[in-house]
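**Student:** Sequence first, then the predicted structure:
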Amino acid sequence: MMMGTCTFHADSRLDVPVPRMPGVSRSFLQWKQSDVLPFILATMHLDFVTTKRALLFAWATCCVLQEVHYDFAVRGLWTAQGTSQKKLDAILALIFSNLSETAKQIFLDCVTVMEWVGGDDALSIWQVLWGDQGGVVSAFQELQQCALVSVDDVFGVETHDIISKLGRATILDRHSPFYGSRAWVKRGKLVQFDKPVVAITFLGLDARLAADAEYIRQFIEQSAFDQLHTMMRGGGLVSGGEQPALLELALKRTTTLRVLDLSRCEQLRHLPRSLGHLTALQVLNLSDCEQLRYLPKDFGQLAALQKLYLSNCRQLQRLPNSFKLLKALQILDLSGCCQLQSLPRSFGDLTALQELDLSRSQRLESLPESFSQLTALEYLDISFGEKLKLLPESFGGLIALKKLSLAWCEQLVSLPDSFGQLKALHTLNLSNCSQLGRLPETFQQLTALRLLSLDGCNRLVVPLKLSKEFTGQLTVYGRLSNNVELPPELQHRQYVCFFCGKDPQRWPCDICTAVLLNQHNEPLGEEC
């Protein structure tokens, strides 16, 4: 048998005989043969693929990986060749050995600490860890083509129990080069290793670790964290009792951490002082930390931070003055921070910022004048800003802005004259800005604008003089009041779903069934 790497071609076919298997129809076997079987055989580089035994091995593996008729596959092997579970594990191990190095690392993440993480979120983390040059997307596709990993729209990254067992056994094997590279929670307790871990890279925790505090302390003190790059669900270290001290201890022992997830940590009131020395940190997730009241004064020391998620931090009242030092910050999510009243005056110093979500920040009254200095900003959501009355006069300085939502800003009375300088603006949502009286005369200078929602803008007066070049490319969405007259050449659709882009007949959307809800399954816009 020859082994080596191979390239998968989705349209590949093998002309091989299809064996009879107990309880499985011939048409089912042919479907499986044309789906994953060619890849399995090619990966194993079998030069005797026409033999019944080889085909049985490959087909059984195929069934295991696809989570379909596994019992039939095993029963067929036992009946035909007396093959054991041990040999099936050997086949899976062979497939693993033929993966690219990046795919191996991602696979081990999936079977330990990344299960049930959303596909987009997982890819985002891996791209931070491996970079675009690491071939993250192609490696993840490689795993999916091998059927080692699947991605569900609801549950996220999934693997078969048999496959997870193989991957975890690889990490627990003291003779494996991957020994101790990841630590994860199993049945409410942190997995235990036979000998001290010297090269842990990925730590996955759980919110139910209070009863396991002593072992966690020993694990942190005895393990080498000098290669640790990711801590997921770290809120498990702050679930009560001594746990806040455990988080402090863990962060003190590493300077290499690049991803830290403390989301849904309901008891976290403040961040540990040791956070400031994580100078390599690129992603910090503090979403749904509902008791978090403030960020430390030296928060700006996280000079490498690129993505910061603070959504639904309902007690967060302000951002520290050092926030302006986050020069690498690209994504900032402050949605649902309903106690946040203002942004720092120096907020415009975040010149690398590309995406900003301020939706449901219901006490935010204004934006600082420096806001126009965010010249890299492409996406801005200020929807449900119930107290926002005006935008800065210099708002037009956001020259890269492509998507802007001001929906349900019911106190917004006008847009600044500089609004026409938003030359890159493609999508504008002004729905239910019920006090908005006019659009500025410069509005027709928005030559890139294609989608405009005016639903519920009952006081709006649209300027009558719009160039045909402008109106010919723009589509207006929404139910308009009788006092709003649009030029006849302007395309108008009464309803639109901003999720699927279709024209539904009612809301919630009857096409994609989307409805705007918060994390408590309540309509967005409700009081905190």
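**Tutor:** Received, thanks.
**Student:** Could you check how sure the model is about stretch 419-435, as an average pLDDT?
**Tutor:** For stretch 419-435, mean pLDDT is 92.
**Student:** How is residue 203 assigned, secondary-structure-wise?
**Tutor:** Under DSSP: H, G, I helix; E, B strand; the rest coil, the three-state class of residue 203 is strand.
**Student:** Identify the residues contacting residue 341.
**Tutor:** By Cβ atoms under 8 Å, 6 or more residues apart in numbering, residue 341 lies in contact with 317, 318, 363, 364, 365. Where you see a C-beta, it was placed from the backbone N, CA and C, and this is true even at glycine.
**Student:** residue ranges for the helices of the stretch 201-350 of the chain, please.
**Tutor:** 213-222, 243-252 (DSSP state H, counting those that start in this stretch).
**Student:** now for the first one, which elements pack on it?
**Tutor:** Helices and strands touching helix 213-222, by 3 or more Cβ pairs under 8 Å, 6 or more residues apart in numbering; DSSP states H and E, are strand 189-190, helix 243-252.
**Student:** How many residues are close by residue 441?
**Tutor:** The burial count assigned to residue 441 is 12, neighbours taken as other Cβ atoms under 10 Å.
**Student:** mind checking which of the helices and strands packed on helix 213-222 is nearest residue 386?
**Tutor:** helix 243-252 (34.4 Å; Cβ to Cβ).
**Student:** Residues touching the closest one, excluding its own?
**Tutor:** Outside helix 243-252, the residues that touch it by Cβ under 8 Å, 6+ apart are 203, 209-210, 213, 216-217, 220-221, 225, 231, 234, 236-238, 257, 262, 272-275, 277-278.
**Student:** Report the spatially nearest residue to residue 325, omitting neighbours in sequence.
**Tutor:** Closest residue to residue 325 apart from its sequence neighbours, by Cβ to Cβ, 6 or more residues apart in numbering: residue 300 at 3.1 Å.
**Student:** picking up where we left off before, give me the PyMOL select line for the contacts of residue 341, limited to the buried ones.
**Tutor:** In PyMOL, this line selects whichever of the contacts of residue 341 come out buried by 16 or more other Cβ atoms under 10 Å:
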select buried, resi 318+363+364
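**Student:** out of the contacts of residue 341, which are inside strands?
**Tutor:** Cross-referencing the contacts of residue 341 against strands under DSSP state E gives no overlap.
**Student:** If we only consider the contacts of residue 341, which is nearest to residue 450?
**Tutor:** Closest approach between those and residue 450, by Cβ to Cβ: residue 364, at 27.8 Å.
**Student:** would you list every one of the strands in the stretch 351-500 of the chain?
**Tutor:** If you assign secondary structure with DSSP state E, counting those that start in this stretch, the strands in the stretch 351-500 of the chain sit at 355-357, 379-381, 403-405, 427-429, 451-453, 475-477, 491-493.
**Student:** Could you check how far the residue nearest to residue 325 is from residue 322?
**Tutor:** Distance, residue 300 to residue 322, using Cβ to Cβ, to the nearest Å: 3 Å.
**Student:** now swap in residue 215 and tell me
**Tutor:** Distance, residue 215 to residue 322, by Cβ to Cβ: 37 Å.
**Student:** Settle it for me: which of these two has more neighbours?
**Tutor:** Of the pair residue 215 and residue 322, residue 322 is the one with more neighbours under other Cβ under 10 Å, namely 18 against 13.
**Student:** So, low pLDDT: which residues of the stretch 401-528 of the chain?
**Tutor:** Residue ranges of the stretch 401-528 of the chain with pLDDT under 70: 462-472, 480-528.
**Student:** so where do the helices sit in it?
**Tutor:** For the stretch 401-528 of the chain, the helices defined by DSSP H, counting those that start in this stretch cover 468-471.
**Student:** Same check on the stretch 51-200 of the chain?
**Tutor:** All helices of the stretch 51-200 of the chain, identified by DSSP H, counting those that start in this stretch, fall at 52-66, 70-81, 85-97, 101-110, 119-130, 136-145, 161-172.
**Student:** Return the member of those having the minimum mean pLDDT.
**Tutor:** Comparing mean pLDDT across the helices of the stretch 51-200 of the chain, the weakest is helix 70-81, with a mean of 44.
**Student:** Where does pLDDT dip in the stretch 251-400 of the chain?
**Tutor:** In the stretch 251-400 of the chain, no residues with pLDDT under 70.
**Student:** swap that for the stretch 101-250 of the chain, please
**Tutor:** Residue ranges of the stretch 101-250 of the chain with pLDDT under 70: 132-134, 145-147, 153-155, 188, 206-212, 235-236, 238-244.
**Student:** repeat that for 50
**Tutor:** For the stretch 101-250 of the chain, the stretches flagged by pLDDT under 50 are 241-242.
**Student:** Just the ones in strands from the contacts of helix 243-252, please.
**Tutor:** Assigned to strands by DSSP E, the following of the contacts of helix 243-252 qualify: 203, 231.
**Student:** one step back: and the strands of the stretch 351-500 of the chain as JSON lines, adding mean neighbour count and distance to residue 106?
**Tutor:** As requested, the strands of the stretch 351-500 of the chain are exported to JSON lines (neighbours: other Cβ atoms under 10 Å; distance: least, Cβ to Cβ, whole Å):
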{"stretch": "strand 355-357", "mean neighbour count": "21", "distance to residue 106": "25"}
{"stretch": "strand 379-381", "mean neighbour count": "21", "distance to residue 106": "27"}
{"stretch": "strand 403-405", "mean neighbour count": "21", "distance to residue 106": "30"}
{"stretch": "strand 427-429", "mean neighbour count": "22", "distance to residue 106": "33"}
{"stretch": "strand 451-453", "mean neighbour count": "21", "distance to residue 106": "36"}
{"stretch": "strand 475-477", "mean neighbour count": "19", "distance to residue 106": "40"}
{"stretch": "strand 491-493", "mean neighbour count": "13", "distance to residue 106": "42"}
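**Student:** Single out the most deeply packed of the helices of the stretch 201-350 of the chain.
**Tutor:** Burial of those is given as mean neighbour count (mean count of other Cβ atoms under 10 Å); helix 243-252 ranks first at a mean of 20.
**Student:** Next, the angle helix 213-222 makes with that one.
**Tutor:** Going by axes from the mean of the first three to the mean of the last three Cα atoms, to 10 degrees, helix 243-252 is angled at 20 degrees with respect to helix 213-222.
**Student:** ok, now which ones touch the closest residue to residue 405 other than its chain neighbours?
**Tutor:** Leaving out its chain neighbours, the residue that sits closest to residue 405 by Cβ to Cβ, 6+ apart is residue 429, at 4.1 Å. By Cβ under 8 Å, 6+ apart, residue 429 lies in contact with 383, 404, 405, 406, 407, 453, 498.
**Student:** For the third one, name its beta-bridge partners.
**Tutor:** Partner residues in beta bridges with residue 405, using DSSP bridges, are residue 381, residue 429.
**Student:** Run a quick neighbour tally on the residue nearest to residue 399 when sequence neighbours are not counted.
**Tutor:** Nearest residue to residue 399, sequence neighbours excluded (Cβ to Cβ, 6+ apart): residue 375, at 5.7 Å. As a burial measure, residue 375 scores 14 neighbours (other Cβ under 10 Å).
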